[in-house]
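[1] structure, please.
(one chain, ligands or ions: 1)
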Amino acid sequence: MGERRRYSRAMTADDGTSNTGLYRHPYPSPELAARHAFVELEHDRLSTEEMAARCTAFRETLDRRRSVRMFSDEPIPADIIETAIMAASSAPSGAHRQPWRFVMTNDPDLKRRIRLAAEEEERTNYLENRMNDEWQEALAPLGTDHHKEFLEIAPWIVVLFEERFGVANDGSKIPNYYVKESCGIAAGFFIAALHMAGLCTLTHTPTPMRFLNEVLERPDNERPFVLFPVGRPLSGTQVPDIRRKRSDEVIVRRGA
Ligand code: IYR
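    Have a look, this model is predicted:
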């Protein structure tokens, strides 16, 4: 509260959100607004009760999400995948560059090629110790191995490519910023959108993933970030009986 009083102007609305006097450096400044377009934020003000209810409902919904390794081969309409991708593409990104491309395919031949190439890499990871013993022990409870049949069985494969830099018409590079952070957030939005649609996925990183550029014919400025098989879970699918961290293990509160 003391912080607020330092700036003198009185509150101008009952709801406590209109006190422009809080800011000595309002955004946008008149100079900025003269040079770049701004629009007023569209925002629904919720009561504290509604806030709590919605947040809890969302948390409970997300808490039911699980990574799945056994998919049904039932077809899923392309437009549902596209909508989930556009939800992902609403993620914040460095300098609003949206440095991502989502390549989706339900083509059996492409899925097969991806499966075969992924299994070849993973065979080296698991059987020829490209992943060290410590790493393999960490994965033991998940029971992952070099078999990746789901890559052919799931109706869709979506590969999120990070756009390392943009390319101008004259071929010169346009830098992107915080590419990995941006793609990580977009991946999270995508996973959440799929879950809301009743679809399952696996955050899969067949390593190394460069083969995906070739199979999916993507240019060099794009690098595979995560591969997502997407579909309904096979009925009766089993998932590891793992627990998530409790709030006291993930939340640290400091200060008064
Ligand atoms: N890329 C391998 C290994 C793997 C690594 C981690 I860390 C996992 O959480 C799961 C798997 C694979 O996909 O099998």
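
[2] C-alpha only now, for contacts and for neighbours.
    Noted.

[3] check contacts around R123.
    For R123, the contacting residues are H146, by CA atoms under 8 Å, 6 or more residues apart in numbering.

[4] specify the local secondary structure of V158.
    With DSSP: H, G, I helix; E, B strand; the rest coil as the basis, V158 sits in strand.

[5] isn't it up against V230?
    Yes. Shown here, V158 and V230 form a contact pair, counting by CA atoms under 8 Å, at 7.3 Å.

[6] any chance you could map the strands in the stretch 1-150 of the chain?
    Ranges of strands in the stretch 1-150 of the chain, per DSSP state E, counting those that start in this stretch, are 100-105.

[7] which bits of the stretch 51-200 of the chain sit near the ligand?
    Contacts of the stretch 51-200 of the chain with the ligand, taken as CA under 6 Å from any ligand atom, map to 144-146.

[8] if I look at the closest residue to the ligand within the chain, how far off is P99?
    Per CA to the nearest ligand atom, P206 is where the chain lies closest to the ligand, at 4.4 Å. The gap separating P206 from P99 is 21 Å, by CA to CA, to the nearest Å.

[9] and stretch 55-74, what's buried?
    Going by neighbour count (16 or more other CA atoms under 10 Å), the buried part of stretch 55-74 is 65, 68-73.

[10] correction: the previous question concerned stretch 112-132.
    By neighbour count on 16+ other CA under 10 Å, the buried set for stretch 112-132 is 113-123, 125-126.

[11] same check, this time on stretch 234-252
    Judged by neighbour count (16+ other CA under 10 Å), stretch 234-252 contains these buried residues: L234.

[12] make JSON lines out of the buried residues of stretch 112-132 and add pLDDT.
    Shown next, in JSON lines, are those (pLDDT from 0 to 100):
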{"residue": "R113", "pLDDT": "98"}
{"residue": "I114", "pLDDT": "98"}
{"residue": "R115", "pLDDT": "98"}
{"residue": "L116", "pLDDT": "98"}
{"residue": "A117", "pLDDT": "97"}
{"residue": "A118", "pLDDT": "97"}
{"residue": "E119", "pLDDT": "97"}
{"residue": "E120", "pLDDT": "96"}
{"residue": "E121", "pLDDT": "95"}
{"residue": "E122", "pLDDT": "94"}
{"residue": "R123", "pLDDT": "94"}
{"residue": "N125", "pLDDT": "93"}
{"residue": "Y126", "pLDDT": "93"}
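
[13] from the residues you listed, which land in helices?
    Among the buried residues of stretch 112-132, the members found in helices (DSSP state H) are 113-123, 125-126.

[14] what would those look like in a markdown table with distance to Q238?
    Formatted as a markdown table, those follow (distance: CA to CA, whole Å):
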| residue | distance to Q238 |
| --- | --- |
| R113 | 26 |
| I114 | 24 |
| R115 | 21 |
| L116 | 24 |
| A117 | 26 |
| A118 | 23 |
| E119 | 22 |
| E120 | 25 |
| E121 | 25 |
| E122 | 22 |
| R123 | 23 |
| N125 | 24 |
| Y126 | 22 |
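
[15] what's around L227, how many residues?
    Residues near L227, counting by other CA atoms under 10 Å, number 24.

[16] next, the contact list for it, please.
    The contact partners of L227, taken as CA under 8 Å, 6+ apart, are 157-160, 202-206.
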